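Chemist: sequence first, then the predicted structure, then my questions.
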Amino acid sequence: MAPLQSFDESALTPATTPSATEWQPSLVLPARILALPSPLSFFCILRFLKTQKRTGWLDKGIANAETISDHMYRMAVMCLLAGDQPGLEGVALDAQKCAIIAIVHDLAEAIVGDLTPCDQVPQDEKHRRERISMLFLSDLIRPHNPRGAEILYESYIAYETGSSPEARFVKEIDKFEFILQSAEYLDDIAHGGEVKADGLDEFYNSSDARKKIKTPVIKTWLSQLDETFATTKSFATLAEANGSK
């Protein structure tokens, strides 16, 4: 298989990738990047998170959609701003651990892509690709920073398995950030912005996302969002009340 000249989701569909049993990160990443020394190769792979737009928004017709790194960055800042709030277990969360998990949880998508059911990749195969991609990335930086490699992979596994209070908190942050982004796109549409899309209401009102938000501080954020946005599908009401536009 020829090295990819650019990394996009179409390059990862079943029609163009190796079979499920053959798929490996080294087969889809550009050879010129794989040839770089560590940690430069790792840094260059991270670039794909900055350029690859999130599939769910593209499927809704949002051309200028957020990228994977956009999503993870705001999640990480949210984790820090949450401070050492108590999690569902009532124990204070480690905000720094939460932030690390947030900036790692979708890291494998730099290689795998932001796969959705439309890509027709079975869930078990999707998870296998993500796991071996995280092992691949960890191996890239291990010669440079062994402990960093461990943190990278352990944080990913914690998120996937929900094995710590911090990981479970970040899963809820992921859902809240998704709902907030939906609101922002709807607000942009309401004010004649560049976003042109249909069906975003189902994302904002997603019962699947909302029912997973249980931690008090995130529930408070969601209530604040609903109180200022849900009725008008716009932030205009709040802005007008504050004397701005």
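Modeler: Nice, thanks for sending it over. Numbering: from 1, shown residues only.
Chemist: need the contact list for the closest residue to residue 79 other than its chain neighbours.
Modeler: What sits nearest to residue 79 in space, not counting adjacent residues and going by CB to CB, 6 or more residues apart in numbering, is residue 98, at 3.7 Å. Any C-beta I mention is one placed from the backbone N, CA and C, and that applies to glycine too. Counting by CB atoms under 8 Å, 6 or more residues apart in numbering, residue 98 touches 79-80, 82, 166, 169-170, 173.
Chemist: which stretches of the chain have low pLDDT?
Modeler: Within the chain, the set of residues satisfying pLDDT under 70 comprises 1-21, 193-197, 230-233, 236-245.
Chemist: repeat the analysis, applying 50 as the threshold.
Modeler: Applying pLDDT under 50 to the chain picks out residues 1-17, 238-239, 241.
Chemist: what helix or strand is the residue nearest to residue 79 located in?
Modeler: Assigned by DSSP states H and E, residue 98 falls within helix 95-104.
Chemist: ok so, going back, of the contacts of residue 98, buried ones?
Modeler: 79, 82, 166, 169-170, 173 (16 or more other CB atoms under 10 Å).
Chemist: returning to that earlier point: I'd like the next helix or strand past the helix holding residue 98.
Modeler: Per DSSP H and E, the first helix or strand lying C-terminal to helix 95-104 is helix 109-112.
Chemist: dump the very next helix or strand once past that following helix to CSV, restricted to CA.
Modeler: Downstream of helix 109-112, the next assigned helix or strand under DSSP H and E is helix 123-141. The C-alpha trace of helix 123-141 is given here as CSV (Å, rounded to 0.1, in the frame of the first residue of the first chain):
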residue,chain,number,x,y,z
GLN,A,123,-16.8,-1.7,17.0
ASP,A,124,-14.4,-4.5,18.1
GLU,A,125,-12.2,-3.7,15.1
LYS,A,126,-12.4,0.0,15.7
HIS,A,127,-11.2,-0.5,19.3
ARG,A,128,-8.5,-2.9,18.2
ARG,A,129,-7.1,-0.3,15.8
GLU,A,130,-7.2,2.4,18.4
ARG,A,131,-5.5,0.2,21.0
ILE,A,132,-2.6,-0.8,18.6
SER,A,133,-2.3,2.8,17.5
MET,A,134,-1.8,3.9,21.1
LEU,A,135,0.7,1.1,21.6
PHE,A,136,2.4,2.3,18.4
LEU,A,137,2.5,6.0,19.6
SER,A,138,3.7,4.9,23.1
ASP,A,139,6.6,2.9,21.5
LEU,A,140,7.6,6.0,19.4
ILE,A,141,8.2,8.1,22.5
